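Peer 1: Need a 3D model of the following:
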Amino acid sequence: MRPAYCTNVVAGRTLAETRRSVVETFGAVRLKLGIAGHLPIGLWLSAHAARQLSDEEGGARALRDELGAAGLSVVTLNGFPYHDFRQAVVKHAVYEPHWADVRRQLHTMLLADLLPDLLPPGTRTASISTVPLGWRARFSQEGCGASVGLASALLEQLAEHLARLEARTGVRVTVDLEPEPGCMMDRSADAVGFFEHALRARGGAPDPRRYLGVCHDVCHAAVMFEGQAEALRAYRGAGIGVHKVQVSSALVADGSPESLAVLASFDEPRWLHQTCVRTPAGEVRFHEDIRWALAERATGEWRTHFHVPVFAARLGALGTTQLQVEECLRELATWPEPERPLLELETYAWDALPADPGGPRDLAAGIAQEIRWLDACMRRTGLAADAAGGAA
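Peer 2: From the prediction side, this is the model:
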């Protein structure tokens with residue numbers, strides 16, 4: 001299977017906006033790639049759009065057929081952003097509601113119920129990525145110390161729902177927590193600890209690990225200065241399924257005045273751009289956003305959460321974590337084929353780039369170039385494009 005591309009780069013708040021933007025943009029991408037078959041996509045639906053789709057009689061199958069007529073196939077869902085991900089200011093709102101809030105559970109259950117009818121016929125398993133519990137400060141404060149317990153209870157109930165869904169449809173839908181800088185899970189150790197201590201199998205109940213796992217985002221791990229192979233091996237060693245890998249690349253600054261001046265131009269108002277600085281002594285300092293890091297002017301290597309085109313090795317005075325993508329793929333190539341996760345490109349910030357990324361500015365052309373680059377990288381690292389399907 002080809003790698004998928006996440007539609008949060010274009011999808012809107014309503015179902016009508018999503019239908020139109022996905023078909024227009026990714027239909028054009030497919031034509032630019034010259035693909036004879038279907039182009040896999042990772043569909044993002046806002047909570048509002050998901051409710052609209054659910055309210056339509058046979059809506060999910062109708063959407064599948066409409067996308068299929070445009071040469072597109074839904075192979076996964078992005079359940080992370082709940083509100084409009086393309087609104088003028090998103091920032092911390094992307095982590096709301098968190099997993100101690102029943103709204104997050106209900107939204108995820110709705111997505112899970114829709115997914116089997118969105119998938120190509122015969123699909124046996126598919127992933128929904130989700131917020132890694134919540135933004136650490138907000139999640140911890142709002143639950144009065146009980147947030148982790150509330151989240152684990154909601155996730156266990158979700159696993160029971162997914163078990164019933166599998167029994168009814170024959171499709172195993174997994175919900176996969178996506179570690180991100182600044183969240184309750186921003187390193188692999190956080191995710192492993194949560195699974196080992198808060199999501200244990202109970203007699204008479206479905207094993208949570210059959211239905212709950214991890215979505216590994218290459219950019220997120222790189223920003224935290226965590227090795228890709230290290231993180232992936234930690235999950236596998238703990239028996240936690242990695243059902244999806246989001247292929248993405250972060251910004252790197254060497255701390256020079258020139259590099260920081262260019263980095264400042266990426267300080268845009270819509271999304272949060274967490275920045276970590278590794279000092280010469282090896283200490284990693286976390287900052288919520290670019291502007292807070294720049295105010296400190298720390299010495300060392302800077303890595304910033306800004307999903308830049310994966311084909312770009314450099315952006316002027318800035319580098320990227322492109323090599324981390326190769327490290328991730330090389331590790332996955334050593335895994336047995338049935339354990340290899342779905343790959344999904346997720347470069348959503350094209351319209352926030354302040355400078356030429358070294359490729360076409362036309363969105364469809366840029367996405368096509370990313371897909372071509374990843375196909376070549378998969379061959380180069382021993383993870384052939386036709387061997388990158390989801391785990392069975």
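
Peer 1: Name the residue closest to the centre of this structure, please.
Peer 2: residue 246 (4.9 Å; CA atoms, centre = their mean).

Peer 1: how far out from the middle of the chain is the helix or strand that one falls within?
Peer 2: Using DSSP states H and E, residue 246 maps to strand 242-247. Per CA atoms, centre = their mean, to the nearest Å, the displacement of strand 242-247 from the mean C-alpha position of its chain is 7 Å.

Peer 1: CA atoms of it as CSV?
Peer 2: Only the C-alpha atoms of strand 242-247 are listed here, as CSV (Å, rounded to 0.1, in the frame of the first residue of the first chain):
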residue,chain,number,x,y,z
VAL,A,242,2.2,0.9,16.8
HIS,A,243,-0.7,1.0,14.3
LYS,A,244,0.2,4.2,12.5
VAL,A,245,3.3,6.3,11.9
GLN,A,246,2.8,9.9,10.9
VAL,A,247,5.7,10.9,8.6
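
Peer 1: Pull up the pairing partners for the helix or strand just after that strand, direction included.
Peer 2: Later in the chain than strand 242-247, the nearest helix or strand by DSSP H and E is strand 249-253. Here strand 249-253 is paired, per DSSP bridges, with strand 301-308 (antiparallel), strand 318-320 (antiparallel).

Peer 1: what's the angle from the helix or strand following strand 249-253 to strand 301-308?
Peer 2: Counting by DSSP H and E, the next helix or strand C-terminal to strand 249-253 is helix 257-264. Interaxial angle of helix 257-264 relative to strand 301-308 (axes from the mean of the first three to the mean of the last three CA atoms, to 10 degrees): 30 degrees.

Peer 1: And the next helix or strand past helix 257-264?
Peer 2: Using DSSP H and E, the helix or strand that follows helix 257-264 in sequence is strand 275-278.

Peer 1: Give the partner strands of that following strand in its sheet and their orientations.
Peer 2: Strand 275-278 has these partner strands in its sheet, going by DSSP bridges: strand 284-287 (antiparallel), strand 301-308 (antiparallel).

Peer 1: Just name the most buried of the ones you listed.
Peer 2: Greatest average neighbour count among the strands paired with strand 275-278 goes to strand 301-308 (a mean of 25), per mean count of other CB atoms under 10 Å. In short, each C-beta sits where N, CA and C put it, glycine included.

Peer 1: Report the mean per-residue pLDDT for the very next helix or strand once past that one.
Peer 2: Beyond strand 301-308 on the C-terminal side, the first helix or strand identified by DSSP H and E is strand 314-315. Taken as a whole, strand 314-315 has a mean pLDDT of 96.

Peer 1: mind listing the helices in this structure by residue range?
Peer 2: Remark: helices assigned in the chain by DSSP state H are 15-33, 47-55, 59-69, 102-118, 136-142, 147-169, 188-198, 208-211, 218-223, 228-237, 257-264, 290-296, 322-333, 363-380.

Peer 1: which stretch in those has the least confidence?
Peer 2: Across the helices of the chain, helix 136-142 has the smallest mean pLDDT, namely a mean of 89.

Peer 1: can you dump the C-alpha coordinates of it into CSV?
Peer 2: Output in CSV follows, covering the C-alpha atoms of helix 136-142 (Å, rounded to 0.1, in the frame of the first residue of the first chain):
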residue,chain,number,x,y,z
ARG,A,136,-0.1,18.4,30.4
ALA,A,137,-0.8,21.6,32.4
ARG,A,138,-4.5,21.8,31.6
PHE,A,139,-5.1,18.1,31.9
SER,A,140,-3.5,17.9,35.3
GLN,A,141,-5.2,21.0,36.7
GLU,A,142,-8.7,20.3,35.6
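
Peer 1: Which elements pack onto that helix?
Peer 2: helix 147-169 (3 or more CB pairs under 8 Å, 6 or more residues apart in numbering; DSSP states H and E).

Peer 1: Now with 7 Å, please.
Peer 2: Judged by 3 or more CB pairs under 7 Å, 6 or more residues apart in numbering; DSSP states H and E, helix 136-142 is in contact with no other helix or strand.

Peer 1: ok, back up a step: bridged to the residue nearest to the centre of the chain, which residues?
Peer 2: Beta-bridge partners, per DSSP bridges, of residue 246: residue 217, residue 344.

Peer 1: okay if I get the strands paired with strand 249-253 as TSV plus mean pLDDT and distance to residue 280?
Peer 2: Supplementary listing: the strands paired with strand 249-253 in TSV, determined by pLDDT from 0 to 100; distance: least, CB to CB, whole Å:
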stretch	mean pLDDT	distance to residue 280
strand 301-308	98	9
strand 318-320	98	18
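
Peer 1: Go through those and name the closest to residue 39.
Peer 2: Shortest distance between residue 39 and the strands paired with strand 249-253, using CB to CB, is found for strand 301-308: 19.7 Å.

Peer 1: Name the residues that touch the closest one?
Peer 2: With CB atoms under 7 Å, 6 or more residues apart in numbering as the test, strand 301-308 has contacts from 181, 219-220, 222-223, 225, 248-255, 263, 266, 273-278, 290, 293, 315, 320-321, 346-349, 357.

Peer 1: What subset of those residues is buried?
Peer 2: Neighbour counting over the contacts of strand 301-308 (16 or more other CB atoms under 10 Å) leaves 181, 219-220, 222-223, 248-253, 255, 263, 266, 273-278, 290, 293, 315, 320-321, 346-349, 357 as the buried ones.
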